[in-house]
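Q: Sequence first, predicted model second:
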Amino acid sequence: MINNDEIIKELKNKKIGVLYGGMSSEREISILSGKAILKALKKLKLNVCGIDINKNIEQKVKKEKIDIAYIALHGPIGEDGTIQGMLEILGVPYTGCGVLASSVSMDKNISKNLFNCINILTPDWIVLKKFESLPAIKHYPVVVKPVSCGSALGVTIVKNFKEFSRAAKKAFEYDNEIIIEKFIKGKEITVGVLDGKSLPIIEIVPKGQFYDFKSKYQRGGSKHIIPANVSKRAYDTAQSYAEQIYKFFRCRAVCRVDMIVDKSDKVWVLENNTIPGMTETSLLPDASCFAGYNFESLVLKIIESAIRNV
């Protein structure tokens, strides 16, 4: 557990800018995350301001003369290494993962290739570019999703070719490349990693067909079971996978790895999230709370990464 007083003391003479909003399809969720973080920092009586990110990103950051940027952005520009690179050029320390970890995690095709490199199970997949012919699918169901997008936007579980065509069209609304992934039936789990160490695993029981946008963000849209109701073998494997990914991807401070545990107890990794949601229904705050962190302590722990890497 971190010493809150010590971190607060280091931050007393610094101005923290919470970057939220952005221009991606996840803008509204980013605003919710950003406002929750702002509220926590104000509660701690720190010097903080909110910066709603739009096309004038550089000018807004310079105008506020911040000492530390707390990144609460989701989706392209905010979560793919773009804003991280800009802040490095400006010499502004920022929270969370750097350019490399952000960019490779945001691209599901690259991240899945990297999972294979370190012998971590991930469902078989192919990539389809916009305007290419739809491939023949031998075995249904499959999962169709944009290559670079979060919050389950554009994701569909497809059971036949007729659905496949509609699903591909939907996914292409969010990206110019999509992934067609083998569907793995099982328990949906997620493993948060804080400073390199796995948090208690959450089992996600969505009300709908899967953990889609509505299940993620609508109050009561899903049930979070902590710790996850899986075997010790699967639990240990999932935590090990999450810590390996954190280290191999060169993550910093925090990430959250989404997985499936199938009926034979195999653990399949779906994706790595470098800026997990911080809303009232988000998974990382739930796991952190179970581990003994209140919301303010979690926010401070993540800010510690910016101080440590100045």
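A: Yep, that arrived.

Q: ranges for the helices of this protein?
A: 4-11, 27-43, 57-64, 82-90, 99-106, 108-117, 161-172, 213-217, 232-248, 283-290, 295-308 (DSSP state H).

Q: Among those helices, which comes closest to residue 135?
A: helix 161-172 (9.3 Å; C-beta to C-beta). For every residue, glycine as well, the C-beta is placed using N, CA and C.

Q: what's next to that closest one, contact-wise?
A: Here helix 161-172 makes contact (C-beta atoms under 8 Å, 6 or more residues apart in numbering) with 128, 130, 134, 137, 140, 142, 144-146, 154-156, 158, 178, 180.

Q: and what of stretch 130-148?
A: Contacts for stretch 130-148 (C-beta under 8 Å, 6+ apart): 76, 80, 106-109, 123, 126-128, 152-161, 164-165, 167-168, 170-172, 174-183.

Q: mind listing what's buried in it?
A: Neighbour-count burial for stretch 130-148, with 16 or more other C-beta atoms under 10 Å as criterion, is recorded at 137, 141, 142, 143, 144, 145, 146, 147, 148.

Q: These in strands, which ones?
A: Counted as lying in strands by DSSP state E, out of the buried residues of stretch 130-148, are 142, 143, 144, 145, 146.

Q: From these, pick the one nearest residue 59.
A: Distances from residue 59 to these, taken by C-beta to C-beta, are shortest for residue 146, at 29.7 Å.

Q: Please name the bridge partners of the closest one.
A: Beta-bridge pairing for residue 146 (DSSP bridges): residue 178.

Q: If I look at it, what pLDDT would I see?
A: According to the prediction, residue 146 has pLDDT 93.

Q: ok, it to residue 200 distance?
A: According to C-beta to C-beta, to the nearest Å, residue 146 and residue 200 sit 30 Å apart.

Q: Same question for residue 8.
A: Distance from residue 8 to residue 200, by C-beta to C-beta: 26 Å.

Q: export the helices of the chain to TSV and tack on mean pLDDT and distance to residue 223?
A: Formatted as TSV, those follow (pLDDT from 0 to 100; distance: least, C-beta to C-beta, whole Å):
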stretch	mean pLDDT	distance to residue 223
helix 4-11	88	30
helix 27-43	94	20
helix 57-64	92	38
helix 82-90	96	33
helix 99-106	96	26
helix 108-117	97	26
helix 161-172	90	26
helix 213-217	50	10
helix 232-248	98	18
helix 283-290	94	11
helix 295-308	91	20
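
Q: Now render those as a markdown table, adding mean neighbour count and distance to residue 269.
A: Listed next are the helices of the chain as a markdown table, based on neighbours: other C-beta atoms under 10 Å; distance: least, C-beta to C-beta, whole Å:
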| stretch | mean neighbour count | distance to residue 269 |
| --- | --- | --- |
| helix 4-11 | 14 | 32 |
| helix 27-43 | 20 | 23 |
| helix 57-64 | 14 | 32 |
| helix 82-90 | 18 | 23 |
| helix 99-106 | 22 | 12 |
| helix 108-117 | 18 | 5 |
| helix 161-172 | 16 | 20 |
| helix 213-217 | 18 | 19 |
| helix 232-248 | 19 | 6 |
| helix 283-290 | 22 | 15 |
| helix 295-308 | 21 | 23 |
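
Q: Quick one: these as JSON lines, columns for distance to residue 257 too.
A: Formatted as JSON lines, the helices of the chain follow (distance: least, C-beta to C-beta, whole Å):
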{"stretch": "helix 4-11", "distance to residue 257": "26"}
{"stretch": "helix 27-43", "distance to residue 257": "18"}
{"stretch": "helix 57-64", "distance to residue 257": "28"}
{"stretch": "helix 82-90", "distance to residue 257": "19"}
{"stretch": "helix 99-106", "distance to residue 257": "9"}
{"stretch": "helix 108-117", "distance to residue 257": "10"}
{"stretch": "helix 161-172", "distance to residue 257": "22"}
{"stretch": "helix 213-217", "distance to residue 257": "16"}
{"stretch": "helix 232-248", "distance to residue 257": "4"}
{"stretch": "helix 283-290", "distance to residue 257": "11"}
{"stretch": "helix 295-308", "distance to residue 257": "17"}
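
Q: Which one of the ones you listed lies nearest to residue 18?
A: helix 27-43 (5.1 Å).

Q: what residues does the closest one touch?
A: 16, 18-22, 24, 48, 50, 52, 70, 72-75, 78, 151, 217, 277-280, 282, 295-296, 299.

Q: What residues are bridge-paired with the spatially most central residue of the chain?
A: Note on the chain: the residue nearest the mean C-alpha position is residue 273, at 2.7 Å, using C-alpha atoms, centre = their mean. Counting by DSSP bridges, residue 273 forms beta bridges with residue 256.

Q: Do I have it right that it meets residue 251?
A: No: taking C-beta atoms under 8 Å as the definition, residue 273 is not a contact partner of residue 251, at 10.1 Å.

Q: Many thanks, have a good one.
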